Structure formats: C-alpha cells, structure tokens
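1. here's my sequence, what's the structure:
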Amino acid sequence: MSALFIIIPAYNEAENIENTIDEWYPVIKKYDADGASRLIIIDDGSKDDTLKLANKKAENNPYIKVISKENSGHGASIYFGYKYALENGADYIFQTDSDGQTLAEEFYSFWTDREKYDVLIGNRGRRKDGFGRKTISFVVRAVVFTVFKVRAEDVNTPYRLMKREALEKALNFVPENFNLTNIALTAVFLRLNIKVGFKNITFKPRQGGKNSINIPKIIKIGIKAFFDLCKIESGLFKYDKGKS
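-> Here you go, the predicted model:
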C-alpha cells in the first residue's frame, strides 16, 4: 500500500484548525497504508492557540503529527513539510491549507486518478475568495509564462497530489526559504515535462480568522519572487544543457 502524507501549514488558524483536522483525518484513516500514512500539521510559529489545539487533536489520533517551528512564512513551511514527508517514507504527498477553503471529499477523485499523472493540481475555476485574489492568480500565471514559457491553469492551488519521485526531483530546483514554493514547483514540474494534470475543485471563502497577506506584502513578495523565479529558470536551463 502507498503511504500518503497530507501536509497542512498553519499560522494563527485557531478558528479553523480543529475543523480542518476533523475534515482531513478520515482521509488518512481510509488510506492509512497499514499505519504508515500521516496528517502533518506544520505550525509556523503561531501566536494564537493553533499549536495547542492541534496538539490536543493529536493526543487521541495516532496518524496526526504536529510540528512546531519558528515563523518563516507559508512557502518555507510547505517546503519544510515536503522534505519531512520525503524523509519519512511518503509515497504520495498531498498539500492543502488550514483555512477551510477546500473540501476533503474532493480528494477521493484525486486519489482515484493518482496513477494517471505524476502530479495532480486543483484548478480553482469558480473560486470565491474575492476579486483581489483572482487578480493575483492571473498576474502570477502571466509571470510564470514569461519566465518559464509554460502554461498552467492554476499555478498556486493549495490542493495538489504529488508522487514522491516527481516532488523529489522538482524540489532540487527550489530554494528552501522561497516565499512561493508551490508556484515554483508548478513551473518546475511543467518545465521538466513531468506529467501534470489539473482537476476542477471547489474553493470557498476563508472560513474564519484573518488572512495574513496584505497588498503591500504581496507586492514586496512578488518583486522578490520574480527575480527568484528567474534564478530557478537559470538552474533549469543549466540542467537542460547538461543533459544535451
């Protein structure tokens, strides 16, 4: 059986973390791989009760692993979780967020199609998180096309199922503390001709708490990300030349 690791980063998600765990824990129980699968909560130095509440849930649920680390941002937390999954025997790695915007029941169709693709990414065609977020996604897709010359339906969806080998290969090109890990990984997957599929998902409004991202922060991250993405493309170009 294939070990499934679900990676969920959390920062100040006290209002959502218990419901998120309750929604995703049945998935891990269903695909427990004789006890090898895990639901991994990465607490990114939360200042509220996120860690306390997650640990309480883990007390009586053996497939939950809660990891607390210093605050380093969403992208770095995802990277940390991916590395942890790879180092601890995951065959498949799935990532989603802790804000209640995604549906656990839609995972099962991803799992059913897991052999058809190396990577399956959710496409938020009818997302309900506001015009600003939609605009950001459009801009990011444009940046990814400009830098990498690849097209993606949705480059940053926090709903992705990845085979171990594909993630392991792609992570070699992504800096450990990169702010936009999933964006970079989507671009790298496509540039390396890894078999990527996109599947429509529901994307609800945030279910509680406040979004830690604001416009000035997004602009600052975006400018830095553009140059970091250029560096990643440079690494891929050298990789391509080395193969020829």
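2. can you give me the strands in this structure?
-> Per DSSP state E, the chain carries strands over the ranges 4-10, 38-44, 64-69, 92-96, 119-123, 159-163, 196-200.
3. any idea of the pLDDT on residue 217?
-> Residue 217 is assigned a predicted lDDT (pLDDT) of 65.
4. isn't residue 170 up against residue 189?
-> Yes. Residue 170 lies in contact with residue 189 (CB atoms under 8 Å); the separation is 5.5 Å. (Glycine included, C-beta is placed from N, CA and C.)
5. adding mean neighbour count, distance to residue 52 and mean pLDDT, write the strands of the chain out as TSV.
-> As requested, the strands of the chain are exported to TSV (neighbours: other CB atoms under 10 Å; distance: least, CB to CB, whole Å; pLDDT from 0 to 100):
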stretch	mean neighbour count	distance to residue 52	mean pLDDT
strand 4-10	26	12	98
strand 38-44	25	10	98
strand 64-69	18	10	98
strand 92-96	24	21	98
strand 119-123	23	30	96
strand 159-163	25	27	98
strand 196-200	17	35	96
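6. got the contact list for stretch 41-60?
-> Contacts of stretch 41-60 with the rest of the structure, by CB atoms under 8 Å, 6 or more residues apart in numbering, involve 7-14, 17-18, 21-22, 25, 64-74, 76-78, 80-81, 98.
7. give me that answer again for 6 Å
-> 8-14, 17-18, 21, 64, 66-68, 70-71, 77, 81 (CB atoms under 6 Å, 6 or more residues apart in numbering).
8. with stretch 196-204 instead?
-> 101, 103, 106, 117, 119-125, 127-128, 153, 159, 189-190.
9. residue 1: how many residues sit nearby?
-> 11 (other CB atoms under 10 Å).
10. closest one to residue 224 among the strands of the chain?
-> strand 38-44 (18.6 Å; CB to CB).
11. can you read off the pLDDT for residue 157?
-> So, for residue 157, pLDDT stands at 92.
12. so it versus residue 138, what's the distance?
-> 14 Å (CB to CB, to the nearest Å).
13. those two: which is more packed in?
-> Ranked by neighbour count (other CB under 10 Å), residue 157 and residue 138 place residue 157 first, with 25 against 10.
14. and the strands of the chain: which comes nearest residue 31?
-> That would be strand 4-10 among the strands of the chain, by CB to CB, at 4.8 Å.
15. what does that closest one contact?
-> Outside strand 4-10, the residues touching it (CB under 6 Å, 6+ apart) are 17, 24, 31, 37-44, 50, 74, 77-78, 81, 85, 90, 92-96, 98.
16. kindly recompute the last result at 8 Å.
-> So strand 4-10 is contacted by 17, 20, 24, 27-28, 31, 33, 37-44, 46, 50, 54, 74, 77-78, 81-82, 84-85, 88, 90-98, 111 (CB under 8 Å, 6+ apart).
17. what pairs with that strand, parallel or antiparallel?
-> strand 38-44 (parallel), strand 92-96 (parallel) (DSSP bridges).
18. what residues sit buried inside the longest helix anywhere in the chain?
-> For the chain, the helix with the greatest residue count under DSSP state H is helix 215-243. Within helix 215-243, the residues that count as buried by 16 or more other CB atoms under 10 Å are 221, 225, 228-229, 232-233, 236.
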